[in-house]
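Participant: Got a predicted model here, sequence first, then my questions.
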Amino acid sequence: MSGSNPSEPARADAVSAEVSKVVGEQWSRVMANLVSALGDLGAAEDAAQDAIETALETWTRDGIPDNPGAWITTVARRKAIDRIRRDKKRTEKSETLANLDLRSADAIHGDVLKDETIVRDDQLRLIYGCCHPALAVEAQIALTLRAVAGLTTPEIASAFLLPEATLAQRLVRAKKKIRSAGVPFKIPDDAELLSRTQAVHKIIYLLFSEGYSASDGDDLIRVELCDEAIRLGRLVADLLTDDAESFGLVSLMLLTQARRPARTTSDGALVLLAEQDRTLWDHDLIAEGTDVLDRALRRANPGPFQIQAAINALHGEAVTADQTDWEQIELLYRRWVALAGTPVVALNHLVAVSMVDGPQEAFDRLDAGELPTALATYGPYWALRADLLTKLGKAKEATAAFHLAAQHAGSAPEREFLQNKANN
Amino acid sequence: MKYALLIYGDENSAAVSPAPDTPEFATMIGGYMAFGEQAGSKILAGEALHDTDVSTTVTVVDGAAVTTDGPFAETKEQLGGFYILECEDLDEAIAWAAKIPTAATGRVEVRPVQSYE
């Protein structure tokens, strides 16, 4: 091999790009497959990393194989076997090795990565393990993004605006707990499945919201977060075909994602729902989200995700903001408040009330009860108050409320938007 | 894997440690006996402890044992007993912990036991 070949660096770049692409596409499958065989997240990650390095070397020399995913899995398994032979104690060794050998024979023939049920179940095992309630929620999020979604530590740190060292430490600690405490990578028993799935839903929706919110992180990673959350939501719904909320969650994410192209201007400024250019909405996604919602509702077991999805479906149906069916939306919010009434839900309900019964009624209800105390540092509370005061012609009080809303805003674009309102 | 199930509760609360000869006491003992039967050979060890008012804390200072009356730390909830169980994984250990009778009135901490094999 001659290192002086002028085409060599270009080819290395092409291979490196291809490896990154394959890694992106196959990471979740490869990791799920390895964790299933090894029962250890750290070991799986090490083996996958080894295999990727080998791939980079070998593919630069010999070209990219036909089935790169199976190739990486097979090599990763061999790397794992090597590592186990080196470090592990004898009793555990033989069982894990036998398991790996068996499965690596499958992987060589590409069977493992082709059988979609095995692939799905392996990935679900990985998800339920990463979202185990014995781990702190922050750790669950970080693990899911690293092990399931294949985001790198710097990418996750950037998405959550955390120092890389903090995130790395969080991952190390979580993996240590998984190993020492025996956190299993398995689909929970029927008795636990529903409650464990709720924990998984929560993490998936957190990933989605983080990706969707207009905060300051890297845009590409944020889109990736939303896509990955939707993919995971679909996997879970595919397992729990009787669980209405699993479909409700997928529907909610699709219907929300559909509005992404219209929710900010090209320079990143926020556009309110009422003022969005509805032709920019992804109408295929709206149709799909509505379809999934219908599937959920047929199971006649409503829950918060389905109600939110239904509210979003009504927004999605309205060709113009004026045509929004606020009466239906108000009724849905009322059900949601009754089902899972947090102060934030109650606040959003009042937005619908103002559209149906007018700003005075909404303002009176906003002022009464416990909302003002519970939401004193919640930006949207002040934003709604300011909006209602404007509509009631109380400009001076509205300005003060807009200032408070800006002060408690969750992201830079939101703050800017509210600050502009206050100054007008 | 081996797990220690550490049973904590407020030893001064009648709900956690009912007085002997009360029906509550009989119910609790019955619950523990049922737990023992159900878990069977998974139980490698298990003991109930006396209240902390009879505990003694020892530390060695300059090579000499120094003893103090009472527990290591004054806390609202005290260690009242433990089991060592052999389980497949954390999920199984959690399921057993939830079956311990005083898990309803106190808490059970699940700690994996170190293995030096």
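Facilitator: Structure received.
Participant: Roughly how far does the closest residue to A:Glu288 other than its chain neighbours sit from A:Asp325?
Facilitator: Counting by CB to CB, 6 or more residues apart in numbering or on different chains, A:Leu254 is the residue found nearest to A:Glu288 once chain neighbours are left out, at 5.6 Å. Heads up, the C-betas are built off the backbone N, CA and C, glycines and all. Counting by CB to CB, to the nearest Å, the gap between A:Leu254 and A:Asp325 amounts to 19 Å.
Participant: More neighbours: which of the two?
Facilitator: Neighbour count, other CB atoms under 10 Å in any protein chain shown: between A:Leu254 and A:Asp325, A:Leu254 has more, with 27 against 14.
Participant: Using CSV, list the CA coordinates for the host helix or strand of the more buried one.
Facilitator: Taking DSSP states H and E as the definition, A:Leu254 sits inside helix A:244-257. In CSV, the C-alpha atoms belonging to helix A:244-257 read as follows (Å, rounded to 0.1, in the frame of the first residue of the first chain):
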residue,chain,number,x,y,z
ALA,A,244,-54.1,3.7,23.5
GLU,A,245,-51.7,6.2,25.1
SER,A,246,-48.7,4.7,23.2
PHE,A,247,-50.5,5.7,19.9
GLY,A,248,-51.6,9.0,21.4
LEU,A,249,-48.0,9.9,22.1
VAL,A,250,-46.9,9.1,18.5
SER,A,251,-49.8,11.0,17.1
LEU,A,252,-49.1,14.0,19.3
MET,A,253,-45.4,14.1,18.2
LEU,A,254,-46.4,13.8,14.5
LEU,A,255,-49.0,16.6,14.7
THR,A,256,-46.6,18.9,16.6
GLN,A,257,-43.7,18.1,14.2
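Participant: Which neighbouring elements make contact with that helix?
Facilitator: Other helices and strands packing on helix A:244-257, by 3 or more CB pairs under 8 Å, 6 or more residues apart in numbering or on different chains; DSSP states H and E, are helix A:190-212, helix A:219-239, helix A:283-297, helix A:304-317.
Participant: how about the ones you listed, which one is nearest A:Tyr381?
Facilitator: Among those, helix A:190-212 comes nearest to A:Tyr381, with 18.2 Å by CB to CB.
Participant: Distance from the chain centre to that closest one, please.
Facilitator: Relative to the mean C-alpha coordinate of its chain, helix A:190-212 is positioned 9 Å out (CA atoms, centre = their mean, to the nearest Å).
Participant: Is chain B within reach of it?
Facilitator: Yes. Applying CB under 8 Å from any CB of the partner chain, one finds that helix A:190-212 is in contact with chain B at A:Glu192.
Participant: and that helix with helix A:244-257, angle?
Facilitator: Between helix A:190-212 and helix A:244-257, the angle comes out at 10 degrees (axes from the mean of the first three to the mean of the last three CA atoms, to 10 degrees).
Participant: tilt between helix A:190-212 and helix A:304-317?
Facilitator: Using the same axes, to 10 degrees: helix A:190-212 against helix A:304-317 is 40 degrees.
Participant: how about helix A:190-212: buried residues?
Facilitator: If you call a residue buried by 16 or more other CB atoms under 10 Å in any protein chain shown, then helix A:190-212 has these buried ones: A:196-197, A:199-201, A:203-208, A:210-212.
Participant: any idea which of these is the one closest to chain B?
Facilitator: Nearest to chain B among those: A:Arg196, at 9.2 Å, using CB to the nearest CB.
Participant: wait, the closest one sits on A:Lys186?
Facilitator: No. With contact defined as CB atoms under 8 Å, A:Arg196 does not count as touching A:Lys186 (10.3 Å).
Participant: where do the contact lists of these two overlap?
Facilitator: The contact sets of A:Arg196 and A:Lys186 overlap at A:Tyr128 (CB atoms under 8 Å, 6 or more residues apart in numbering or on different chains).
Participant: just to confirm, which helix or strand has A:Val344 in it?
Facilitator: Going by DSSP H and E, A:Val344 is in helix A:343-357.
Participant: Just the angle for that helix relative to helix A:304-317, thanks.
Facilitator: Interaxial angle, helix A:343-357 versus helix A:304-317 (the same axes, to 10 degrees): 40 degrees.
Participant: since we're on A:Ala405, how many residues are nearby?
Facilitator: Residues near A:Ala405, counting by other CB under 10 Å: 26.
Participant: ok, it to A:Leu161 distance?
Facilitator: A:Ala405 is 21 Å from A:Leu161, by CB to CB.
Participant: A:Leu339 now?
Facilitator: 32 Å.
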